[in-house]
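Peer 1: here are the coordinates; sequence isn't available:
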């Protein structure tokens, strides 16, 4: 197991930036371009696969990452779109805890 205590992790949660309820954005394009820009700077993308069967945004973001050589690792078991989980993600886990352990062991060396 890697010694990861001295490593820095920057986590970006896209849902903290824009709120559909508050409409704190100018356009849908603004939101999409903002997220894709954030993804382009990532070393790895963590994908919440829950309810991905009804989220076109998740599919587009994952495809963008894969197209730019950024690995995607997923977690979740509820209403998962199979292409995202089985084709686009390098590996998937049932829980976020399992995913975090994997990230720690394989990406934080």
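Peer 2: Here it is on my side, so go on. Owing to the predicted nature of the structure, the values given are computational and were not obtained by experimental measurement. Residues are numbered from 1 along each chain as shown.
Peer 1: what about stretch 21-29, how long is it end to end?
Peer 2: Terminal residues of stretch 21-29 are spaced 17 Å apart (C-alpha to C-alpha, to the nearest Å).
Peer 1: what's the average pLDDT for it?
Peer 2: On average, the pLDDT along stretch 21-29 is 83.
Peer 1: how about stretch 59-71?
Peer 2: 95.
Peer 1: residue 22 and residue 66: what is the separation?
Peer 2: Separation of residue 22 from residue 66 (C-beta to C-beta, to the nearest Å): 31 Å. Heads up, the C-betas are built off the backbone N, CA and C, glycines and all.
Peer 1: tell me which of the two has more neighbours.
Peer 2: Using other C-beta atoms under 10 Å, the more surrounded residue of residue 22 and residue 66 is residue 66, with 17 against 7.
Peer 1: quickly find the element holding the more buried one.
Peer 2: For residue 66, the host element (DSSP states H and E) is helix 56-67.
Peer 1: so which elements touch whatever helix or strand comes next after that helix?
Peer 2: Per DSSP H and E, the first helix or strand lying C-terminal to helix 56-67 is strand 72-75. Here strand 72-75 touches strand 45-48, helix 56-67, strand 91-93, helix 96-107, going by 3 or more C-beta pairs under 8 Å, 6 or more residues apart in numbering; DSSP states H and E.
Peer 1: that older thread, buried ones in the helix holding residue 66?
Peer 2: For helix 56-67, burial by neighbour count (16 or more other C-beta atoms under 10 Å) applies to 58, 59, 61, 62, 64, 65, 66.
Peer 1: ok, stretch 81-88 next?
Peer 2: 81, 84, 85, 88.
Peer 1: contacts for it next, please.
Peer 2: 47, 49, 52-53, 55, 58-59, 62-63, 66, 72, 74, 92 (C-beta atoms under 8 Å, 6 or more residues apart in numbering).
Peer 1: can you lay out those as CSV showing distance to residue 9?
Peer 2: Compiled in CSV, the contacts of stretch 81-88 are given as follows (distance: C-beta to C-beta, whole Å):
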residue, distance to residue 9
47, 16
49, 21
52, 23
53, 29
55, 25
58, 21
59, 25
62, 20
63, 24
66, 21
72, 17
74, 18
92, 20
